[in-house]
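S.K.: Fold the following and give me the result.
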Amino acid sequence: MKTISKETLAMLREKYPSGTRVELVHMDDPYDM
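M.R.: Numbering: from 1, shown residues only. The predicted structure follows:
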């Protein structure tokens, strides 16, 4: 799993506050559901 910097995480938390709905449009995982 890739990790992101604390600065990037803070920016994403500001852009998408708690309760924001997101849509998964693509998943590249051989063990997906």
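
S.K.: Got the phi and psi for the spatially closest residue to residue 4 that is not a sequence neighbour?
M.R.: Using CB to CB, 6 or more residues apart in numbering and skipping residues adjacent in sequence, the residue nearest residue 4 is residue 12, 8.0 Å away. C-betas here are computed from N, CA, C, even on glycine. Main-chain dihedrals, residue 12, degrees, to the nearest 10: phi -70, psi -40.

S.K.: Then residue 6?
M.R.: The phi/psi pair for residue 6 (degrees, to the nearest 10) reads phi -60, psi -30.

S.K.: Looking at it now. What's its pLDDT?
M.R.: Looking at residue 6, its pLDDT reads 96.

S.K.: So which residues of this structure form helices?
M.R.: For the chain, applying DSSP state H gives helices covering 6-15.

S.K.: so how far is residue 6 from the residue nearest to residue 4?
M.R.: Distance, residue 12 to residue 6, by CB to CB, to the nearest Å: 11 Å.
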